[in-house]
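> fold the following, please.
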Amino acid sequence: MKIGESFLQELVLESEVTRRYLESVPFEQKEFKPAEKSETLGRLAIHLAEITAWWVSCLQNDKLDFIDFQPKDIQSTEELLSYFDELLAEAKTALSKVNDSEFDENWSMTYGDEVLFTLPKKQVARVFCMNHMVHHRAQLGVYLRLLEVPVPAVYGPSADDEAVTTIKDFSKFF
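Residues are numbered from 1 along each chain as shown. Below is the predicted model of the structure:
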């Protein structure tokens, strides 16, 4: 199996879970912060969606420059899901077309002329694209819990989503 196909399979599985989390975001509480240093609920949810765009950047470019970055202005769960679905479709296309040799190339995150880091694309795909998404999804779960919004199951049942009771039931999440 090609590297891109392997990442694509994993992204599809993780994105199904991520989408359920994004569906749960109550935008009427988008300014909620669990602590002063925390990001707002709305910004965290948008960030979780926009991470999906980094797959295309990683696979088709040699860097991502944040100097002029402006987060998308999203005001509803429906807009958030539409944005996520659009980015996911683009990521799936990029992963289905990428050659294995591309993963050996270096990729940098920059802020103008400042290079924040440079790593092989395979490592960027794993850590910066995939693990980063899972990390922020877990953060979103904490926000949802604090707001008493039911937290979706991830790799098995949650206290709010006990639909997974057997291994056979577990397969519905993947």
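
> helices of the protein, start to end?
Listed in chain order, the helices of the chain (DSSP state H) span 3-23, 41-50, 53-60, 77-97, 121-123, 132-146, 167-170.

> can you add distance to residue 68 and give those helices back as CSV?
The C-beta positions use only the backbone N, C-alpha and C, and glycine is treated the same way. Shown next, in CSV, are the helices of the chain (distance: least, CB to CB, whole Å):
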stretch, distance to residue 68
helix 3-23, 25
helix 41-50, 15
helix 53-60, 14
helix 77-97, 18
helix 121-123, 23
helix 132-146, 21
helix 167-170, 43
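
> those: which one's closest to residue 104?
helix 121-123 (7.0 Å; CB to CB).

> what mean pLDDT does the closest one have?
Mean pLDDT, helix 121-123: 98.

> which residue is nearest the centroid of the chain?
For the chain, the residue nearest the mean C-alpha position is residue 133 (3.4 Å; CA atoms, centre = their mean).

> show me what contacts it?
14, 18, 48, 51-52 (CB atoms under 8 Å, 6 or more residues apart in numbering).

> again, only this time at 6 Å
residue 51 (CB atoms under 6 Å, 6 or more residues apart in numbering).

> give me the pLDDT for it.
pLDDT for residue 133: 97.

> what about it, distance to residue 36?
25 Å (CB to CB, to the nearest Å).

> distance of the residue nearest to the centre of the chain from residue 11?
With CB to CB as the criterion, residue 133 and residue 11 are 9 Å apart.

> for residue 31, which of the helices of the chain is the nearest?
Using CB to CB, these put helix 41-50 closest to residue 31, at 6.8 Å.
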